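> Starting from these lines, generate the structure:
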Amino acid sequence: MLQLPAPAKLNLFLHVIGRRADGYHDIQTLFQLLDYSDELTFEARADKTITVTTYNEQFDPQTNLVTLAAQQLQRQSSCQQGANISLLKRLPLGGGLGGGSSDAATTLIGLNKLWKLGYNRDDLAKIGVKLGADVPIFVYGHTAWADGIGDVLSAVKMPDLWYLVLAPNCQVSTAAIFNDEELTRNAPPITIRAFREHGADNSCQIVVEKRYPEVKAVRLWLSKYAAAQMTGTGSCVFASFTDQAQAAAVLAEKPEQWRGFIARGVNKSPAYCQ
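As a prediction, the model looks like this:
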């Protein structure tokens with residue numbers, strides 16, 4: 001039996017550069033990994049059956065990325081073993097924290113170990129990107145600058161900060177936002193140095209806040225305490241703090257209708273620390 005975390009990520013900024021002929025978008029972003037995670041448990045089976053169980057009622061055990069990742073790895077490797085997989089879901093669905101992609105990546109990492117396949121991270125990333133553009137960042141397991149569709153990754157080291165993440169009571173469809181006619185798709189490319197010196201915004205935030213007013217309400221509330229912005233295509237909003245106690249003090253003041261948590265930014269994925 002093997003137990004591994006599937007960490008959350010934040011997009012510290014997100015620029016949509018353009019739309020490609022294949023329907024994907026060219027972007028720039030900085031993926032910041034967090035020490036707040038879903039948890040997956042893997043147990044090998046002698047037959048080829050793959051089962052996935054969870055207590056989240058919104059989770060479809062047949063079409064979720066955990067099942068799809070396991071099936072894809074099994075086919076790719078011609079592995080004759082199966083697995084019983086249990087998922088403890090902490091990350092909100094449709095929150096922009098990469099939960100589904102992270103679950104898929106941890107499934108690839110975990111089953112590669114459990115089945116003794118010997119694949120390296122490049123091998124797993126090639127499988128993962130077929131499941132979703134964000135899967136490779138979790139497979140490589142390092143906070144990173146991303147270009148392309150989010151799959152051209154350059155590891156970066158970020159300062160040791162604490163993040164307060166708030167989740168509105170709504171789920172945002174990534175596909176719907178990227179297909180929205182009002183999405184700005186001509187953000188200028190920037191450099192890592194420019195981001196470190198001046199910061200950057202989220203191209204999707206205006207569209208999401210127009211479609212989901214609660215996201216804007218959360219951001220405006222959090223902005224009273226620190227610079228706040230949306231992660232990914234939402235719905236979660238975050239702010240950074242140098243001190244855990246500062247973040248905890250703000251979390252204690254949040255309205256009851258919103259969920260929230262505090263996490264530490266990490267440069268290395270906890271999935272590779274166990």
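> in the helix or strand where L68 lies, what counts as buried?
Here L68 sits within helix 65-77, counting by DSSP states H and E. Within helix 65-77, the residues that count as buried by 16 or more other CB atoms under 10 Å are L65, V66, T67, L68, A69, A70, Q72, L73, Q74, Q76, S77. For glycine as for every other residue, the C-beta is placed from the backbone atoms N, C-alpha and C.
> gap between the fourth one and G95?
Spelled out, that is L68. Using CB to CB, to the nearest Å, L68 is found at 20 Å from G95.
> Now do the helices in this protein.
Applying DSSP state H to the chain gives helices spanning 65-77, 99-114, 121-128, 135-140, 174-178, 192-198, 205-211, 213-222, 244-251.
> hey, what's the residue nearest to D243 when sequence neighbours are not counted bridged with?
In space, not counting the residues next to it along the chain, D243 is nearest to W162; the distance is 6.8 Å by CB to CB, 6 or more residues apart in numbering. Beta-bridge partners for W162, by DSSP bridges, are F241, R264.
> show me what contacts R90?
Y36, S37, D38, E39 (CB atoms under 8 Å, 6 or more residues apart in numbering).
> Recalculate using a threshold of 10 Å.
R90 makes contacts with P5, A6, A8, Y36, S37, D38, E39, N56, L97, G99, F261, as judged by CB atoms under 10 Å, 6 or more residues apart in numbering.
> again, but for R19
So R19 contacts H25, D26, F178, N179, L183, R185, N186 (CB under 10 Å, 6+ apart).
> do you know how far it is from R90?
Distance from R19 to R90, by CB to CB: 33 Å.
> Return the closest of the contacts of R19 with respect to T51.
F178 (32.5 Å; CB to CB).
> since we're on T233, how many residues are nearby?
25 (other CB atoms under 10 Å).
> hang on, it packs against C170?
No - in this structure, T233 is not within contact of C170 by CB atoms under 10 Å, at 11.9 Å.
> list the residues that contact both of these two?
Joint contacts of T233 and C170 (CB under 10 Å, 6+ apart) are G94, G95, V208.
> Spatially, what comes nearest to the residue positioned nearest the centre of the chain if we skip its sequence neighbours?
By CA atoms, centre = their mean, the chain has its centre lying nearest to G98, at 1.8 Å. Spatial nearest neighbour of G98, excluding adjacent residues (CB to CB, 6+ apart): K9 at 4.3 Å.
> Just grab the bridge partners of the one you found for me.
Assigned bridge partners for K9, using DSSP bridges, are L33.
> Could you tell me how far it is located from Q76?
25 Å.
> again, but for L34
From L34 to Q76 the distance is 29 Å (CB to CB).
> Show me which positions of stretch 159-179 end up buried.
Quick answer for stretch 159-179 (16+ other CB under 10 Å): 161-168, 170, 172, 174, 177-178.
> where's the closest residue to S154 other than its chain neighbours relative to P189, distance?
Distances taken as CB to CB, 6+ apart put W145 closest to S154, at 4.6 Å, once the chain neighbours are dropped. Going from W145 to P189 by CB to CB gives 12 Å.
> Of the two, which one has the most company?
Remark: of W145 and P189, W145 carries more neighbours, 17 against 12, as counted by other CB under 10 Å.
> just checking, that one touches A155?
Yes - at 8.1 Å, W145 counts as touching A155 under the criterion of CB under 10 Å.
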